[in-house]
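In: from the sequence below, what's the structure:
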Amino acid sequence: MRRALSLIVLLVLAVGLASALRGPSVGAEAQGAGAIGDNQVNFGRSYTSGALEETGAANVVSSVLVVYRGLDTLGEVTVLFIAATGLAAMLHTGKRRRSQRKAVQASLIVFTGCRFLFPLILLFGAYIFVHGHLTPGGGFQGGAIVASGFLLTYLGCRERQPGKDKFNVVESLSGLAFVLIGLAGLVVGGSFLLNFLPQGSPYALLSAGIMPVVYLLIGLKVGSELGGIVGDLSGAR
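Out: Purely as a prediction, here's the structure:
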């Protein structure tokens, strides 16, 4: 089974690499469009000058990721989900053999750090993805920080290891809510992930329409997926 999964992954990578090599080189279309002149659009200048007014987000990069190219962000989350699912399938094929070696007790420093730092790490990760529309950061960065907190529990506080079922529930609900918000924008304005909520006052926490909600869901999804990957690699059930 593992060999079959490995061959499928290699086949997908080979097809993707062949498709990329057969396509036009980077910048070829831009050079062709340069001859037209009047039809050129400076996207960088357009985003930096109109993002705050159009999306209400002080962080222009976040407005691009969530609003202007939100469908690509959905694809990135899907890739992470497929990677986590593939890893779980490869690690759990066949009968699991219990190791005869006794688990080594964590050192006092790691154990103490786990007990005191874990809630602070979760708080910091939540701060990062909740303020993603205002400051550098976002759902992926905040989710990775949250997952590092769960990694610390696997290293130092084995009795506090969360069950994999909890990760699966959070990941599924947050992913479903993300897709539903995107479909709601499609119904309201004919565009997936349309920023249909009130934008509020710029630079305020409750601003930028759907962006804080989307980053909250992405942070929960990424954190639960990476936490599940850490649990799979550590052998936790």
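
In: can we go C-alpha only for contacts and neighbour counts from here?
Out: Will do.

In: show me what secondary structure element comes after the helix or strand of the chain with the lowest mean pLDDT.
Out: Taking mean pLDDT, DSSP states H and E as the measure, the chain has helix 28-34 as its least confident helix or strand, at a mean of 44. Counting by DSSP states H and E, the next helix or strand C-terminal to helix 28-34 is helix 43-55.

In: show me what that next one packs onto, helices and strands only.
Out: With contacts taken as 3 or more CA pairs under 8 Å, 6 or more residues apart in numbering; DSSP states H and E, helix 43-55 sits against helix 60-63.

In: so for L91, what pLDDT did the model give?
Out: Model confidence at L91, given as pLDDT, is 74.

In: buried residues in stretch 128-138, which are they?
Out: In terms of neighbour count (16 or more other CA atoms under 10 Å), stretch 128-138 has its buried residues at 128-135, 137-138.

In: biggest helix in this protein by residues?
Out: Scanning the chain for the helix with the most residues, using DSSP state H, yields helix 164-189.

In: can you give me the mean pLDDT across that helix?
Out: Within the predicted structure, the mean pLDDT of helix 164-189 is 87.

In: one more: stretch 77-85?
Out: Averaging pLDDT along stretch 77-85 yields 84.

In: chain center to it: distance?
Out: 9 Å (CA atoms, centre = their mean, to the nearest Å).

In: got it, and stretch 166-186?
Out: Centroid separation for stretch 166-186 versus its chain: 12 Å, with CA atoms, centre = their mean.

In: now swap in stretch 113-131 and tell me
Out: On the basis of CA atoms, centre = their mean, stretch 113-131 sits 17 Å off its chain's mean C-alpha point.

In: what residues of it count as buried?
Out: Burial within stretch 113-131, assessed by neighbour count using 16+ other CA under 10 Å, is assigned to 114, 117-118, 121-122, 125-126, 128-131.

In: what lies in contact with that stretch?
Out: With contact meaning CA atoms under 8 Å, 6 or more residues apart in numbering, stretch 113-131 is reached by 137-146, 148-150, 152-153, 156-157, 205, 212, 215-216, 219.

In: from L13, how far off is K166?
Out: Between K166 and L13 the distance is 31 Å, computed by CA to CA, to the nearest Å.

In: and for T78?
Out: As for T78, its distance to L13 is 16 Å (criterion: CA to CA).

In: who touches G142 in this structure?
Out: When contacts are counted by CA under 8 Å, 6+ apart, G142 is found next to 124-129, 219, 223.

In: redo that, cut-off 10 Å
Out: Contacts for G142 were tallied using CA atoms under 10 Å, 6 or more residues apart in numbering; they are 121-132, 148, 215-216, 218-220, 222-223.
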